[in-house]
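1. Please work out how this folds:
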Amino acid sequence: MPNQVASIGLLPFYLKLYDDLDRGSRAGFDAYIRRIEGGFASRGLKVVTSEICRVAGEFAHAVQDFEKAGVDALVTLHLAYSPSLEAIEAFTGTKLPIVILDSTMDADFGTGVKADRIMYNHGIHGVMDFASLLRRRGRPFEIVAGHDSDPRVLDRAADLVRASCAARDLRGSKVLRVGETFAGMGDFSVPESVMVAKLGIQTRQISLVELDAAVLGVSDAAVAEEVAADQARFACELPEEAHLRSVRVGLGLRRILEEGGYGGFSVNFLAFDRRDRPSDTMPFLEISKAMARGIGYGGEGDVLTASMVGALARAFGQTTFTEIFCPDWAGDSLFLSHMGEISPSVAGDKPRMISKPFFGGGARDPALLTCAVKPGKAVFVNLVPGPEDSFSLIVAPVEVLAEGTALDPPMRDTVRAWVRPPGGVARFLEAYSRLGGTHHSALVLGDRAEAIAAFGRWSGWTVTIVDGSGR
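-> Here you go, the predicted structure:
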């Protein structure tokens, strides 16, 4: 589930002339408006609905009320034709994202329809009028067309609203870096001044000295409580001492994240090089738990990807940091993995908690979660730094494959997923690198490529959907 509840201002459009001719006709739309309200509410959105709007003053008043209510986005519902010049000033005068719902009361309008149903099903040419003028005024919007009897219609609209929340959430977020950036990694490296100027993201870097102090403040009771919670939600298969020390270091890190109000963070594993200090193990376990709570993560000092992962996780849930590790040319899939970081929200089965020898050496062996990603539809997402301090977004709908029975037993101790990209592995990898894709990415479960592309557009980035079409 998402970590935040999105809210919409639902604004019904209508024509004053109809009221002048027959004020009672508008009552026929009441049940339809309630139906759309209920559809959005059932998808986890908070819905605030205005009075039916017909003329400029009514639209202006409704939008002002929505702004005061703090809604996240405006959703328009076109009950009948409504001239765009009545609404356009209100909509160009607000910064709230706009989602146009291009729908009608009835699903069936074939040759057998009763003539009196025209009155209740002709709002779509008002949509055209409104959308055309928004485009001419340079006002961004998203649109979903279809009847609400198809669940995908309101699913898509709700996800577009969540995408707008993610774009707003990313801008102005705070991100933490523990240790230095991994020396020599250049693809995700962006100067902090550019992060602030272009994305509004503020970065703070700390050393392990500050983490040590936070770890020393963790009580034995807090450790015991967290261990008990772990034993309930994970399959714990590790020595007790490894579990205890990882929880203690993790709770120290959690305190810093919570007190600082960070939306994302990154940890350089090379900073953990000693056993004789409070921060004596790499906090893989807490990194995974933090992602499930909606705090983004990026490896090796990558605060850029961490910010994106956090924004997507809070908006959509079921999001994890990941990397493309190995191509399966024969099976036409890609193996995704990392050292020991995965959000348990994407797990197909109950995650296992194990301890492994620390790859970096020096520190004590860490606890970490291992699991396979749940099979099904997902979206692979990459935020690309570009020329002249620009940014772009690569969005690829992928299929997470089931592991089957041939899995090598040691593979069970890894973070893992095999995904099939659109158009085949070779074409995908060629397109990805031509677009400048970095080696740190996010994986979001579900059929959400459209919404995540909207997240990129609302963030002001160039968006490319790599869907295998060659377009």
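2. Report the beta-bridge partners for the closest residue to G310 other than its chain neighbours.
-> Leaving aside its sequence neighbours, G310 sits nearest to G296 (CB to CB, 6 or more residues apart in numbering; 2.5 Å). Where C-beta positions appear, they are placed from N, C-alpha and C, glycine not excepted. Beta-bridge partners recorded for G296 (DSSP bridges): G264.
3. same check, this time on A367
-> S355.
4. List the contacts of R293.
-> N3 (CB atoms under 8 Å, 6 or more residues apart in numbering).
5. give me phi/psi at the residue positioned nearest the centre of the chain?
-> Central residue of the chain (CA atoms, centre = their mean): L312, 1.8 Å from the mean position. Torsion angles at L312 (phi, psi; degrees, to the nearest 10) stand at phi -70, psi -40.
6. Do you have the strands of the stretch 301-450 of the chain handy? List them.
-> 319-328, 333-337, 352-355, 367-372, 376-385, 391-400, 415-420, 441-445 (DSSP state E, counting those that start in this stretch).
7. and the direction of the second one versus that of strand 415-420, what angle?
-> For strand 333-337 against strand 415-420, the angle between stretch directions is 160 degrees (axes from the mean of the first three to the mean of the last three CA atoms, to 10 degrees).
8. now strand 333-337, how far from the centre of its chain.
-> With CA atoms, centre = their mean, to the nearest Å as the basis, strand 333-337 stands 21 Å off its chain's centre.
9. picking up where we left off before, wait, the residue nearest to the centre of the chain sits on T319?
-> Yes. Using CB atoms under 8 Å, L312 makes contact with T319 at a distance of 4.7 Å.
10. which residues are in contact with both of these two?
-> 442, 444.
11. neighbours of A6, just the number please.
-> 23 (other CB atoms under 10 Å).
12. Could you tell me how far it is located from L21?
-> 38 Å (CB to CB, to the nearest Å).
13. And R35, by the same measure?
-> 25 Å.
14. can you tell me which residues contact the residue nearest to G310?
-> So G296 contacts 175, 263-265, 305-313, 321 (CB under 8 Å, 6+ apart).
15. What's the per-residue pLDDT of it here?
-> Here the pLDDT value assigned to G296 is 98.
16. And it, how close does it get to A311?
-> Taken as CB to CB, the span from G296 to A311 is 7 Å.
17. picking that back up, quick one: which two of the contacts of G296 are the most distant?
-> F265 and L312 (15.1 Å; CB to CB).
18. burial of L85, as a residue count?
-> Counted with other CB under 10 Å, L85 comes out at 11.
19. From here on, call the first residue 181.
-> Renumbered: residue one is now 181, and that last one reads L265.
20. Neighbours of A393, how many?
-> Neighbour tally, A393, other CB under 10 Å: 15.
21. For the residue nearest to L313 when sequence neighbours are not counted, give me its contacts.
-> Closest residue to L313 apart from its sequence neighbours, by CB to CB, 6+ apart: S264 at 4.3 Å. By CB under 8 Å, 6+ apart, S264 lies in contact with 306, 309-310, 312-313.
22. For S264, report the pLDDT, please.
-> pLDDT for S264: 96.
23. again, but for F368
-> In this model, F368 is scored at 85, pLDDT.
24. was I right about it contacting D482?
-> Yes. Counting by CB under 8 Å, D482 is a contact partner of F368 at 4.4 Å.
25. what secondary structure does R435 sit in?
-> Counting by DSSP: H, G, I helix; E, B strand; the rest coil, the backbone at R435 sits in helix.
26. And the nearest residue to it once chain neighbours are set aside, which helix or strand is it part of?
-> In space, and not counting its chain neighbours, R435 is closest to A394: 5.0 Å by CB to CB, 6+ apart. A394 belongs to helix 388-396 when elements are defined using DSSP states H and E.
27. Name the residues that touch that helix?
-> 358-359, 428-429, 431-433, 435-436, 451-452, 457-459.
28. can you do 7 Å?
-> Contact with helix 388-396 is made by 358-359, 428-429, 432-433, 435-436, 451, 457-459, as judged by CB atoms under 7 Å, 6 or more residues apart in numbering.
29. show me what contacts the residue nearest to the centre of the chain?
-> So L492 contacts 346, 499, 561, 622, 624 (CB under 7 Å, 6+ apart).
30. Let me see the contact set for the residue nearest to P419 when sequence neighbours are not counted.
-> In space, and not counting its chain neighbours, P419 is closest to S535: 6.1 Å by CB to CB, 6+ apart. Contacts for S535 (CB under 7 Å, 6+ apart) come out as 418-419, 422, 545-547.
31. which of these count as buried?
-> Among those, those classed as buried by neighbour count (16 or more other CB atoms under 10 Å) are 418, 422, 545-547.
32. I'd like those written out as JSON lines, with pLDDT and distance to S329 added.
-> JSON lines is the format used below for the buried ones among the contacts of S535 (pLDDT from 0 to 100; distance: CB to CB, whole Å):
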{"residue": "L418", "pLDDT": "97", "distance to S329": "50"}
{"residue": "A422", "pLDDT": "97", "distance to S329": "53"}
{"residue": "D545", "pLDDT": "95", "distance to S329": "55"}
{"residue": "P546", "pLDDT": "96", "distance to S329": "51"}
{"residue": "A547", "pLDDT": "97", "distance to S329": "48"}
